[in-house]
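S.K.: what follows is a predicted protein model with its sequence.
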Amino acid sequence: YYFNIAGKGEAIRLACTYGAVPFDDVRLNGEKFHELKASGKLAFGQLPALCIDDDTMLTQSSAIMRYVGKLAGLYPTSDDIYAAKIDAV
C-alpha cells in the first residue's frame, strides 16, 4: 500500500518485481488512506505498508525492504557484517 507516486513505495515495488516476490500494487488516494488509517491496520498510521495476510501488515519502508530482500534472496542471511553494510545504504 502506498500513494500513486514513487516516494518510499517505489523501492519496495522494484524489489518485489526484481526478486519475483508476488505483491498487490495497491495505490491509495487521500480518502482511501484515511479510511485505512482509521481502521487501525497501519502501525504508526503510516505508509508504505505490505499486507502479508489477513492478520499481518508490515510497515516502515526499511523493515519491508529487508523482509522482501530476504524472500527474494537479495539480502544476506548468513553474513551479519554484510547485512549491516546494506542496512547503512
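M.R.: On my side now, so go ahead. Numbering: from 1, shown residues only.
S.K.: report the buried residues of stretch 69-89.
M.R.: Across stretch 69-89, burial judged by 16 or more other CB atoms under 10 Å covers 69, 75, 83. For every residue, glycine as well, the C-beta is placed using N, CA and C.
S.K.: quick one: residue 85 and residue 39, what's the gap?
M.R.: As judged by CB to CB, to the nearest Å, residue 85 and residue 39 stand 37 Å apart.
S.K.: so which residue is dead centre in this protein?
M.R.: residue 64 (3.5 Å; CA atoms, centre = their mean).
S.K.: and the host helix or strand of it, what's its mean pLDDT?
M.R.: In the assignment (DSSP states H and E), residue 64 maps to helix 61-72. On average, the pLDDT along helix 61-72 is 96.
S.K.: next one: stretch 13-31
M.R.: When pLDDT is averaged along stretch 13-31, the result is 96.
S.K.: off-centre distance for it?
M.R.: 8 Å (CA atoms, centre = their mean, to the nearest Å).
S.K.: tell me which residues are up against that stretch.
M.R.: Applying CB atoms under 8 Å, 6 or more residues apart in numbering, the contact partners of stretch 13-31 are 1-4, 36, 47, 50-51, 65, 68-69, 71-74.
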